[in-house]
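[1] From the sequence below, what's the structure:
(2 chains)
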Amino acid sequence: MTTSLPRRTLLATGAAALITSTVPARASGVAPTPTMRGGANNYRPGAPIVDRIGGGGFLMTGTVLRAGDGAPIPNARIQMWAHTTEGHERDQRSHGATLTDAQGRFQMDMPQIVPAFGQPHGHLAYDAEFDDNGFQTVFLRPIMARASDTTLDVQFVLVPA
Amino acid sequence: MRAALIWMGLAAAVAAPLIAAAFSPLLQWREGVYIASGFAGILGMTLLLVQPLLATGALPLTQSRARRVHRMTGALLLVAVVVHVAGLWITSPPDVIDALSFTSPTPFSVWGVIAMWAVFAAALMAALRKRLPLRPMTWRQMHVALALIIAGGTIAHALLIQGTMEVVTKYALSLLVALAAIRVALHIRWRPR
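    Below is the predicted model:
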């Protein structure tokens, strides 16, 4: 028991040293966004780029960054869809895509998202198949804090393919 | 007089959640199949209140009559569950595949799927009652164990969902279903004398 204590202390010190040496390195890099469960449900590959989905009224906004240095990715094609006041998720009219600006930002005016399948949620996709920027595909399924929310902001941090 | 009050109380407990859900604002943004699917789910949950009451002789019926109604209500529950899941499947196939394969991002679907399988098992047990090599007491214990899983799973499923059920009637029905399940759990003998 008395001999194991110094060893334990040594291990703890070593572990602490490891943590302190790796954490700052990781903190300086922007971690990639993983694909969320169910994110790709009812996705429509290649949905057209539109100015607005339906009549609008709900604002979906977001940022697309590069993993590691966090640099904005311009001209990234993002598709979004949801169950809204104007249609079900699988309906073509519920889908639309847009491109990010020079700051890697995008926004879409779309109909109000309403709770479906138990939660008020949206879907967003960065699909490598329909984008020339060369990053890996990511599907998101963000949940709104309240069903009455009229905006939703998301972030994509993409990894080069 | 007492019998009439019991029936009226039960009718109110079953009807209230269904009527309240009929006023849900979400309905105006849903297609018929999705709406029907939701109501099949609510109806199924109300039957979870009726079933234990029939099984424990809490309703003013003769024992043989109560048993016959229990069987018919069980069949209706089975149909309600199938309509609920089939309607959701038509509305959004990938979401139902995720739920059935336990890979859904939504925590409530797990409880719903567990309850669904328990309903299928309880119904199968009832259909094969005479052919199963089980003593009546063992059969009853297993059937009630499944009923408790169905009640618990369904309550968790319903409470975690933001859907067409109105909140007060949802909590009230959940409480009644839980009490009825507790009643049946206390009613049967779990150990031989």
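
[2] Show me the shaky parts of the chain.
    Picking chain A for this. A:1-28 (pLDDT under 70).

[3] hmm, I had chain B in mind actually
    For chain B (pLDDT under 70), the answer is B:193.

[4] what does it put close to chain A?
    Proximity of chain B to chain A, by CB under 8 Å from any CB of the partner chain, involves residues B:26, B:29-31, B:34, B:88, B:91-92, B:94-95, B:98, B:103-106, B:108-109, B:160-163. C-beta here means a position set from N, CA and C on the backbone, and glycine is covered the same way.

[5] Just the buried ones from those?
    Neighbour-count burial (16 or more other CB atoms under 10 Å in any protein chain shown) applied to those gives B:26, B:29-30, B:34, B:88, B:91-92, B:94-95, B:98, B:104-106, B:108-109, B:160-163.

[6] show me where chain B has helices.
    Along chain B, the stretches classed as helices by DSSP state H are B:2-21, B:32-55, B:63-91, B:93-100, B:107-127, B:136-160, B:167-187.

[7] and those helices, which is most packed in?
    With neighbours defined as mean count of other CB atoms under 10 Å in any protein chain shown, the helices of chain B peak in mean count at helix B:32-55, which reaches a mean of 21.

[8] so what secondary structure elements neighbour that helix?
    Applying 3 or more CB pairs under 8 Å, 6 or more residues apart in numbering or on different chains; DSSP states H and E, one finds that helix B:32-55 contacts helix B:2-21, helix B:63-91, helix B:136-160, helix B:167-187.

[9] Indicate which one of the ones you listed is closest to A:M144.
    helix B:136-160 (15.8 Å; CB to CB).

[10] picking up where we left off before, out of the helices of chain B, which gets nearest to A:A128?
    helix B:93-100 (20.0 Å).

[11] Assign A:P74 to helix, strand or coil.
    Per DSSP: H, G, I helix; E, B strand; the rest coil, the secondary structure class of A:P74 is coil.

[12] For it, which non-adjacent residue is closest in space?
    A:A102 (5.0 Å; CB to CB, 6 or more residues apart in numbering or on different chains).

[13] Would you tell me which residues of chain A are close to chain B?
    Counting by CB under 8 Å from any CB, chain A sits next to chain B at A:36-38, A:40-42, A:83-86, A:88-90, A:114-120, A:141, A:147.

[14] Would you list the buried entries among these?
    Buried among the residues of chain A next to chain B (16+ other CB under 10 Å): A:36, A:38, A:40-42, A:83-86, A:88-90, A:114-120, A:141.

[15] what number of residues lie near A:G54?
    Neighbour count of A:G54, defined by other CB atoms under 10 Å in any protein chain shown: 19.

[16] Now for it: which residues touch it?
    A:G54 makes contacts with A:84, A:86-87, A:93-94, A:110-111, as judged by CB atoms under 8 Å, 6 or more residues apart in numbering or on different chains.

[17] Among the residues you listed, name the buried ones.
    By 16+ other CB under 10 Å, the contacts of A:G54 give A:84, A:86-87, A:94, A:110-111 as buried.

[18] Report the two of the residues you listed separated the most.
    A:G87 and A:M110 (10.4 Å).

[19] pretty sure A:F106 belongs to a helix, no?
    No: according to three-state DSSP, A:F106 belongs to no helix; its state is strand.
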